[in-house]
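In: Mind folding the following:
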Amino acid sequence: MKATQLATFLASAIAKRLPVLLVGPPGVGKTDISNQAAAQAGAKLLVSHPVVSDPTDAKGLPWVGKDGKSATFLPFGEMKQAIDATELTVWLLDDLGQAQPAVQASYMQLLLSRRINGHVLPDCVTFIAASNRRTDRAGVSGILEPVKSRFVSIITLEPSLDDWCQWAFTNADIPPELIAFLRFRPELLCKFTPSADLSNCPLPRTWHNAGKILGLQLPAAIEGEALGGAVGEGAAVELAAFLRMYRELPNIDAILLDPDVQPIPSDPAVLYAVVTGLAIKANDQNFGRIARYTERLASGGHGEFATLLIRDVMRKTPDLANTPEFARLASGETGKLFTGM
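Out: Residues are numbered from 1 along each chain as shown. I've put the predicted structure just below:
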């Protein structure tokens, strides 16, 4: 299931207090999607990491009573917060598959009967769990069968470039040149390669890290090596070559000043970069000029890039769909490309 679909499903499951298990390779956004779904449902998020937990974290700490003849289990940490919750709360069990069987079993009772050692979870608390797969070489030995069956559904998160770009347009850490590069080389968004070596591979998470490195504006030699450490050497070399081209692009500001005169690139890599740069800068003051450049793209045989430009503008600044310039564009020949009419 893609990220946008999964967020919608999780928000509905949260509202009905249905527990869901998410699986997928490291770094594809399972935790971020859980955060997004909790926010969409108006829920508070409580995060536990069973991989570093002890069974007492879910069961409570044994405590001798005042009479010295009895004992009880005192809740603490996330368990205490969950028991005391008075508003809709999502309890995220992150990396559950890496946890020891005894820890998994301690959460099983909470998932099924919602009570353990005399402590009862309020109705406002529900669960999401996330795990890598055994084939990911992430330390997952598996999840106990009785634990798996406690979840209403087990969903695999599938990386999607379109969903990633939609997220990236609202994230200040992701520069437009990185979005343009991954559009040009979409197969590099998620090229998970498990390895025992101390190296990274291209993943949504590691591309996010690459965006942070680009934001440092380092000298080229240092930047290249740092990017190699973020996404792996092969992907970093391709990105470096793209960046050299990107930094010699037609001036985006010049296009915005005079869209009728500036040249239309012919190289697909340059076109990806130009339309992404224009979409990032779109606002109600310059959208009319962006619309004009869009028409030139369409009439020049680059209809797919005209469509991409308008869709990206709408992702970043949806209110521009209410402008007269958008209405004029949508009602013309170019509008047929992105409205499907």
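
In: C-alpha only now, for contacts and for neighbours.
Out: OK.

In: so how many other residues sit close to residue 294?
Out: Using other C-alpha atoms under 10 Å, residue 294 has 25 neighbouring residues.

In: Ok, the one 4 residues further on next?
Out: Residue 298 is flanked by 18 other residues according to other C-alpha under 10 Å.

In: In a strand, it, correct?
Out: No: in this structure, residue 298 is helix, not part of a strand, as judged by DSSP: H, G, I helix; E, B strand; the rest coil.

In: Run through the residues that contact it.
Out: 304, 305, 306, 334 (C-alpha atoms under 8 Å, 6 or more residues apart in numbering).

In: Mind giving me the PyMOL command for buried ones among those?
Out: Only the buried entries of the contacts of residue 298 go into this PyMOL selection, using 16 or more other C-alpha atoms under 10 Å:
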select buried, resi 305+306+334
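
In: okay, who's weakest in the contacts of residue 298 by pLDDT?
Out: Ranked by pLDDT, those bottom out at residue 334 (86).

In: Next, give phi and psi for it.
Out: phi -60, psi -30 (degrees, to the nearest 10).

In: Surely it is in contact with residue 295?
Out: Yes: between residue 334 and residue 295 there is a contact under C-alpha atoms under 8 Å: 6.0 Å.

In: anything in contact with each of the two?
Out: residue 306.

In: Give me the subset of the contacts of residue 298 lying in helices.
Out: 304, 305, 306 (DSSP state H).

In: what's the closest non-adjacent residue to the last one?
Out: I take that to be residue 306. Nearest residue to residue 306, sequence neighbours excluded (C-alpha to C-alpha, 6 or more residues apart in numbering): residue 294, at 5.0 Å.

In: just to confirm, which helix or strand has that neighbour in it?
Out: Secondary-structure assignment from DSSP states H and E places residue 294 in helix 287-299.

In: now residue 22, what's its secondary structure?
Out: strand.

In: That one touches residue 133, doesn't it?
Out: No: between residue 22 and residue 133 there is no contact under C-alpha under 8 Å: 10.1 Å.

In: and these two? which has more neighbours close in?
Out: Neighbours were counted for residue 22 and for residue 133 using other C-alpha under 10 Å; residue 22 has more, 24 against 21.

In: OK, contacts around that one?
Out: Residue 22 neighbours (C-alpha under 8 Å, 6+ apart): 30, 128, 129, 130, 131, 154, 155, 156, 157.

In: hmm, try it at 10 Å
Out: 6, 10, 30-31, 33-34, 94-96, 128-132, 151, 153-157 (C-alpha atoms under 10 Å, 6 or more residues apart in numbering).

In: next one: residue 75
Out: Here residue 75 is in contact with 56-62, 81-83, 116-117, 119 (C-alpha under 10 Å, 6+ apart).

In: coming back round to it: shared neighbours, residue 22 and residue 133?
Out: By C-alpha under 10 Å, 6+ apart, the residues touching both residue 22 and residue 133 are 95, 156.

In: Give me the subset of the contacts of residue 22 that lies in helices.
Out: Using DSSP H, the contacts of residue 22 in helices are 6, 10, 30, 31, 33, 34.
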